[in-house]
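Chemist: Sequence below, structure please.
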Amino acid sequence: MIRLLVGCVRASSSSPASGCYRTTEFHRCAVKNTLMRIDRVELRLVRLPLVQFFETSFGRIHDREFIVVMVDGDGQRGYGECVTDRDPYYSSETSETAWHVLMEHLVPRSLGVEFAHPREVFPAFAQVRGHNMAKAALEMAAWDLYARQSGVPLSQVLGGCRTTIASGVSVGIQDSLEQLGDKIAAELAAGYQRIKVKIKPGWDIEVVQSVRKRFGDIPLMVDANGAYTLVDAEHLAQLDQFNLMMIEQPLDYDDVHDHAKLQQRLRTPICLDESIHTLHRAAEALAVTACRIINIKPGRIGGHAQSIHLHNMCAERKIPVWHGGMLESGIGRTHNIHLSTLPNFTLPGDVAASRRYFEPDLIDPPVELQADGTIAVPALPGLGVSVAEDRVERATQRAVTLVA
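Modeler: Numbering: from 1, shown residues only. Next up is the predicted model:
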């Protein structure tokens, strides 16, 4: 019998600002004395209407399609969420490709297999190239299952050290500057600690100028989702006057070296998102100073284990990270909350309240923003929330169950 060990944080000093450890040295603490075996996997393709439309440089959407992954073992159930969508705009992966890869390649490599720790799940998929979102959905469900079996919150298993996380919010492209301003005003009134505004050519400099004029020096960043090219460097340099926290992914989704050239021409820090889809690409980006900040999304790089590696890589180089969002339901959103408790998540993430996106959400209780602009980390085992499987059932477009 192999003893399962999980990461715990131990450090010699703490941050007064966050109450969180600065070190990236993770130690192990015994929690469980059995192997984790996945006996059953259930996949559900679901579709939920958004509370309000969300627009980026990719286009406008009114609902969200994704896959819910449920894994069973030892009388417990773990949940994961695949952050793909119908269209291959943010990523080449779609719900259809993820469904195929999960069914034909990933579930067969995990069903009935005994793992000493969920960190072993991602390496089990090594023969399958790419498809990180599909991998992450199953891998993250395994982390939740393991934490529930161990009787501890997922944040503890991941090595987290916070009981609350700072929350920011992303505001999509609107029909007018006035409409944008009104939405930002509502988010600030709700208590969010940072505002992110989506931009694209023709909706950028004037937009940020308008926000600064109306709201002053609020914590503000912009996100281009790869809408520009290096030819736009002089234009983007105009953003330097607005004292932004960062500009996220201004250039191509697969680019590193042009971002390095652009960063040399900007005072505003560049944050990379889409470009960081592997640890190797992250190391390359940091080596050439393509960015000064990195957005971590577990779906983009293959799950929690890869996210922890990326978090540590950035911490060692004193590069701050924050947690991005993919319009997740409460299942994926709660995973994001637990991961955001790691010590180098020092900037408010795009992890906002459920009510901004889905009403009702798929979890009870829903994710709520506290008065101080933070979100409480659930303290019960695993995700620490209940998944409303009746709501999942009603939103289901397709389902399949696989048994060992």
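
Chemist: The stretch 51-200 of the chain: strands as residue ranges?
Modeler: 59-73, 76-82, 114-115, 164-166, 169-171, 195-198 (DSSP state E, counting those that start in this stretch).

Chemist: mind putting the ones you listed in a markdown table, distance to Q264 and mean pLDDT included?
Modeler: Any C-beta I mention is one placed from the backbone N, CA and C, and that applies to glycine too. Output for the strands of the stretch 51-200 of the chain, formatted as a markdown table (distance: least, CB to CB, whole Å; pLDDT from 0 to 100):
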| stretch | distance to Q264 | mean pLDDT |
| --- | --- | --- |
| strand 59-73 | 31 | 94 |
| strand 76-82 | 37 | 98 |
| strand 114-115 | 45 | 96 |
| strand 164-166 | 30 | 98 |
| strand 169-171 | 27 | 95 |
| strand 195-198 | 24 | 97 |
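
Chemist: Make JSON lines out of those strands and add distance to G130 and mean neighbour count.
Modeler: Shown next, in JSON lines, are these (distance: least, CB to CB, whole Å; neighbours: other CB atoms under 10 Å):
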{"stretch": "strand 59-73", "distance to G130": "17", "mean neighbour count": "20"}
{"stretch": "strand 76-82", "distance to G130": "14", "mean neighbour count": "25"}
{"stretch": "strand 114-115", "distance to G130": "22", "mean neighbour count": "16"}
{"stretch": "strand 164-166", "distance to G130": "30", "mean neighbour count": "22"}
{"stretch": "strand 169-171", "distance to G130": "26", "mean neighbour count": "23"}
{"stretch": "strand 195-198", "distance to G130": "26", "mean neighbour count": "24"}
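
Chemist: could I get those as CSV with distance to L362?
Modeler: As requested, these are exported to CSV (distance: least, CB to CB, whole Å):
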stretch, distance to L362
strand 59-73, 8
strand 76-82, 9
strand 114-115, 26
strand 164-166, 20
strand 169-171, 20
strand 195-198, 24
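
Chemist: For T346, find the nearest of these.
Modeler: strand 164-166 (8.8 Å; CB to CB).

Chemist: Tell me which strands the closest one pairs with, and in which orientation.
Modeler: Applying DSSP bridges, strand 164-166 is found paired with strand 374-376 (antiparallel).

Chemist: gap between the residue most central in space within the chain and R194?
Modeler: Nearest to the geometric centre of the chain sits K297, at 3.4 Å (CA atoms, centre = their mean). K297 sits 17 Å away from R194, taking CB to CB, to the nearest Å as the criterion.

Chemist: that older thread, tell me which of the strands of the stretch 51-200 of the chain approaches L154 most closely.
Modeler: The nearest among the strands of the stretch 51-200 of the chain, by CB to CB, is strand 76-82 at 9.3 Å.

Chemist: What ranges does the stretch 1-150 of the chain have for its helices?
Modeler: 95-101, 121-124, 132-150 (DSSP state H, counting those that start in this stretch).

Chemist: Check the ones you listed for me and report the most buried one.
Modeler: helix 132-150 (a mean of 29; mean count of other CB atoms under 10 Å).

Chemist: gap between that one and the chain center?
Modeler: Centre-to-centre, helix 132-150 and its host chain are 14 Å apart (CA atoms, centre = their mean, to the nearest Å).

Chemist: can you dump the C-alpha coordinates of that helix into CSV?
Modeler: Taking C-alpha atoms only, helix 132-150 is exported to CSV below (Å, rounded to 0.1, in the frame of the first residue of the first chain):
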residue,chain,number,x,y,z
ASN,A,132,-4.6,20.6,-22.8
MET,A,133,-8.1,21.7,-22.1
ALA,A,134,-9.4,18.1,-22.4
LYS,A,135,-6.5,16.9,-20.3
ALA,A,136,-7.1,19.5,-17.7
ALA,A,137,-10.8,18.7,-17.3
LEU,A,138,-10.1,15.1,-16.4
GLU,A,139,-6.9,15.9,-14.4
MET,A,140,-8.7,18.6,-12.3
ALA,A,141,-11.6,16.2,-11.6
ALA,A,142,-9.0,13.7,-10.2
TRP,A,143,-7.6,16.4,-7.9
ASP,A,144,-11.1,17.1,-6.6
LEU,A,145,-11.7,13.4,-6.1
TYR,A,146,-8.4,12.9,-4.2
ALA,A,147,-9.1,15.9,-1.9
ARG,A,148,-12.5,14.6,-1.1
GLN,A,149,-11.2,11.1,-0.4
SER,A,150,-8.5,12.7,1.8
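
Chemist: State the mean pLDDT of it.
Modeler: Across helix 132-150, pLDDT averages out at 98.

Chemist: what's the answer for stretch 86-95, then?
Modeler: 94.
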